[in-house]
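In: Show me the folded form of this:
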Amino acid sequence: MALTNMFANRLLLELGGQSAGALQSVQPASVRVGMVARVTGRQTTVRSGTRVSLGEMEAQANLQEPGPLTDWLSAALTGDLGERDGAVLVADRNYKLNRRIGFRGARLSSLAWTPLDAQAAKVPVGIALRWLVDTVEDRPGSEALQVKASRRKPLLASNFRIGGLPIDAAAVLRVDLPDLQVAWSTVRTGPQRGLVLDGRPGATRR
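Out: Residues are numbered from 1 along each chain as shown. As a prediction, the model looks like this:
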């Protein structure tokens with residue numbers, strides 16, 4: 001079930017042990033359990049266990065000035081698809097922690113932006129991102145979060161500059177940014193059946 005940042009429910013993101021800002025909504029990773037079977041002979045099927053796989057986590061947020069989240073996104077856009085550890089913190093309006101959804105081995109799989117719009121006044125730039133994880137630890141919490149007032153301001157959709165065009169850039173009122181899609185493939189290799197991740201970033205326009 002998706003969680004939303006409402007008056008009585010605050011969602012915060014941590015990356016690498018550092019506060020990465022507030023989230024508008026988050027979808028925890030789904031869990032899928034499948035039966036592992038092998039066939040021996042013509043008609044005999046042996047059930048040898050189960051395989052648990054995790055789905056993607058999804059979140060929406062307003063993009064802020066440089067911090068752990070923008071560092072992660074900037075690295076991915078330049079081809080650095082290294083894994084991240086972090087957590088989604090679910091707190092009440094007084095920042096008392098109700099739930100901590102920790103994750104390890106996060107790998108960005110999708111990033112989408114709201115358009116840049118010169119007529120959008122003080123509308124922040126919104127992002128929607130998805131990431132795969134190796135493990136998730138979902139546990140309750142009761143402690144009060146030490147939340148410091150952030151000096152990072154939201155980036156505004158109307159505050160952009162364009163260069164290199166054969167026309168007057170001042171005439172550009174709206175820019176649709178390309179989305180980022182990363183196809184992660186799992187390859188079974190040898191008797192170890194190790195997991196080989198092949199990240200291939202590719203920008204696709206809407």
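
In: Residue 76 belongs to a helix?
Out: Yes. Looking at residue 76 with DSSP: H, G, I helix; E, B strand; the rest coil, it is inside a helix.

In: what's around the nearest residue to it once chain neighbours are set aside, how many residues?
Out: Nearest non-adjacent residue to residue 76, counting by Cβ to Cβ, 6 or more residues apart in numbering: residue 108, 4.7 Å away. In this view, the C-beta of every residue, glycine as well, is placed from N, C-alpha and C. Residue 108 has 24 neighbours, counted by other Cβ atoms under 10 Å.

In: Quick check: which element contains residue 108?
Out: Assigned by DSSP states H and E, residue 108 falls within strand 97-113.

In: Tell me the backbone dihedrals of residue 143, please.
Out: In terms of degrees, to the nearest 10, the main-chain angles of residue 143 are phi -80, psi 160.

In: show me what contacts the nearest residue to it once chain neighbours are set aside?
Out: Spatially, and ignoring its direct neighbours in sequence, residue 143 is nearest to residue 97 (5.4 Å; Cβ to Cβ, 6+ apart). Neighbour list for residue 97: 89-91, 141-145 [criterion: Cβ atoms under 8 Å, 6 or more residues apart in numbering].

In: So residue 97 versus residue 90, what's the distance?
Out: Per Cβ to Cβ, to the nearest Å, residue 97 is found 7 Å from residue 90.

In: Can you name the residues bridging to the closest residue to residue 98 other than its chain neighbours?
Out: Of all residues not flanking residue 98 in the chain, residue 90 sits nearest, at 5.1 Å (Cβ to Cβ, 6+ apart). Per DSSP bridges, the residues bridged to residue 90 are residue 11, residue 99.

In: For residue 90, grab the count of nearby residues.
Out: Residue 90 has 22 neighbours, counted by other Cβ under 10 Å.

In: Distance check, the closest residue to residue 105 other than its chain neighbours against residue 72.
Out: Nearest residue to residue 105, sequence neighbours excluded (Cβ to Cβ, 6+ apart): residue 134, at 3.1 Å. Going from residue 134 to residue 72 by Cβ to Cβ gives 16 Å.

In: okay, the two: which has more neighbours?
Out: Neighbour tally, residue 134 and residue 72, criterion other Cβ under 10 Å: the higher count belongs to residue 72, 23 against 14.
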